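>>> I would like to see how this sequence folds:
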Amino acid sequence: MATSGPAIEVAGAGRTYGSGANRVTALDDVSFTVAEGEIVALLGANGAGKTTLVKILATLLLPTTGRVLVFGADVVDRVKEVRRRVGVVFGGDRGLYTRLSGRENLRFFGMLAGVPRAELRTRAPAMLERVGLAEVADRRVETYSRGMRQRLHIAIGLLPRPRVLLLDEPTTGLDPTEAERLRDTVSELRHDGVSVLLTSHHLLDVERLTDRVVMLREGTVAADLPLAEFAALAGYAAAVTVTIRHPLPELEALLPAEVDVVTRSESAEGTTVELRLPSWGGGMFGRLGALLDRADVVDVQVRPARLEEAFTSFLTRRA
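Model (predicted):
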């Protein structure tokens, strides 16, 4: 259902604990929005305030100051309305009844969420199919792998048709295959207009899924950037690792001034140099290619800047 306003609106939100000398500020004047169908990553070091904010959006905590709205409904004054619109997936091994089957868990939590029985009969099988658990739906959850349990958490979170999904560390502990399958499930949600706020220490989740990054630092918004702009904080666009069979002493001197040489090592195969390029532009690669034509190249590897490096660089620059 389309709407003219944001899915999530956080306006000057603050949250403190304790009083006097024991007063702790977890959030301080936090403001940002999430549009309908947008997937936004909420990042920050441990203690930055991410969990506190997610709990406020889930109506498990109240903000001390400011306003937090979900499709215009205030988390303080319209709690029931917010809960109907928000699905929460904290995931992990807890929160499921392991002696029940996946289907039984889904039905139980669906009833708790107020999903009508008639709708459960059709929607539960559809959710199990969507997250790839249809064939094991009647097995006890105690036999499920961690990835299967995580996908069951997603199915439970989606069952009441939430318009906003809060995901906390969805791929923690999953093997690469399970993690990628879970990312596919989450990515498909944008086509249904579901808005997702994702917290994760696995920045591959952020890279694969999100449109934007909101960075918290000591309880405040330190950055709110499109994913590409956040990635650019790494300080380079691409890394090129070149192995040359025979040394080319003048290589570094002939490189464009804006190209950084990060490492240089010698091995039985030859000389390996890692370069960092400021842009992906064809002109830059053309100049580099012309230079390498003069060398006996054994191998060339190219990769984009890693989001982990952008994250670390951001924290370091503003320390």
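
>>> Ramachandran coordinates for residue 303?
Torsion angles at residue 303 (phi, psi; degrees, to the nearest 10) stand at phi -140, psi 150.

>>> Tally up the residues packed near it, please.
Applying other C-beta atoms under 10 Å, we find 9 residues neighbouring residue 303. Any C-beta I mention is one placed from the backbone N, CA and C, and that applies to glycine too.

>>> what's the distance between the closest residue to it other than its chain neighbours and residue 162?
Once its chain neighbours are removed from consideration, residue 303 has its nearest residue in residue 239; the separation is 5.3 Å (C-beta to C-beta, 6 or more residues apart in numbering). Taking C-beta to C-beta, to the nearest Å as the measure, residue 239 and residue 162 are separated by 40 Å.

>>> ok, now which ones touch the residue nearest to residue 303?
By C-beta atoms under 8 Å, 6 or more residues apart in numbering, residue 239 lies in contact with 262, 274-277, 302-305.

>>> State the helix or strand in which it lies.
strand 238-244 (DSSP states H and E).

>>> In its sheet, which strands sit next to that strand, and in what direction?
strand 270-277 (antiparallel), strand 297-304 (antiparallel) (DSSP bridges).

>>> Need the residue closest to the centroid of the protein.
Geometric centre of the chain, nearest residue: residue 206, 3.4 Å, by C-alpha atoms, centre = their mean.

>>> hang on, that one packs against residue 199?
No - with contact defined as C-beta atoms under 8 Å, residue 206 and residue 199 do not form a contacting pair (9.6 Å).

>>> Please produce JSON lines containing the contacts of residue 239, extended by pLDDT and distance to residue 32.
Converted to JSON lines, the contacts of residue 239 look like this (pLDDT from 0 to 100; distance: C-beta to C-beta, whole Å):
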{"residue": "262", "pLDDT": "79", "distance to residue 32": "34"}
{"residue": "274", "pLDDT": "86", "distance to residue 32": "36"}
{"residue": "275", "pLDDT": "85", "distance to residue 32": "36"}
{"residue": "276", "pLDDT": "86", "distance to residue 32": "31"}
{"residue": "277", "pLDDT": "84", "distance to residue 32": "32"}
{"residue": "302", "pLDDT": "85", "distance to residue 32": "34"}
{"residue": "303", "pLDDT": "84", "distance to residue 32": "30"}
{"residue": "304", "pLDDT": "82", "distance to residue 32": "26"}
{"residue": "305", "pLDDT": "83", "distance to residue 32": "24"}
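
>>> Max pairwise distance over those: which two?
262 and 304 (14.9 Å; C-beta to C-beta).

>>> For residue 313, see how far away residue 179 is.
The separation that residue 179 has from residue 313, given C-beta to C-beta, amounts to 25 Å.

>>> Which one's more surrounded, the two?
residue 179 (20 against 16).

>>> hmm, back to that, if we ignore the residues flanking it in sequence, what's nearest the residue nearest to the centre of the chain?
Distances taken as C-beta to C-beta, 6+ apart place residue 41 nearest to residue 206, at 4.4 Å, with adjacent residues excluded.

>>> can you tell me the helix or strand for the one you found?
Per DSSP H and E, residue 41 falls inside strand 39-43.

>>> any residues touching that strand, and which ones?
With C-beta under 8 Å, 6+ apart as the contact definition, strand 39-43 has outside contacts at 32, 34, 50, 53-54, 186-187, 189-190, 195-200, 205-206, 209-216, 227, 311.

>>> Which members of these occur in strands, if any?
32, 34, 195-199, 212-216 (DSSP state E).

>>> For this structure, which segments count as strands?
8-17, 24-34, 39-43, 65-70, 73-74, 86-89, 164-168, 195-199, 212-217, 220-226, 238-244, 260-267, 270-277, 297-304.

>>> okay, the first one in CSV with CA atoms only?
In CSV, the C-alpha atoms belonging to strand 8-17 read as follows (Å, rounded to 0.1, in the frame of the first residue of the first chain):
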residue,chain,number,x,y,z
ILE,A,8,10.1,5.1,9.6
GLU,A,9,10.6,8.6,10.9
VAL,A,10,13.0,9.2,13.8
ALA,A,11,13.0,12.9,14.8
GLY,A,12,15.3,14.1,17.5
ALA,A,13,15.1,10.8,19.4
GLY,A,14,16.9,10.4,22.7
ARG,A,15,17.2,7.7,25.3
THR,A,16,18.8,7.8,28.7
TYR,A,17,19.2,5.3,31.5
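
>>> ok, that strand: who's next to it in the sheet?
Applying DSSP bridges, strand 8-17 is found paired with strand 24-34 (antiparallel), strand 65-70 (antiparallel).

>>> sorry, back to before: so what's the residue nearest to residue 206 bridging to?
Partner residues in beta bridges with residue 41, using DSSP bridges, are residue 198, residue 213.
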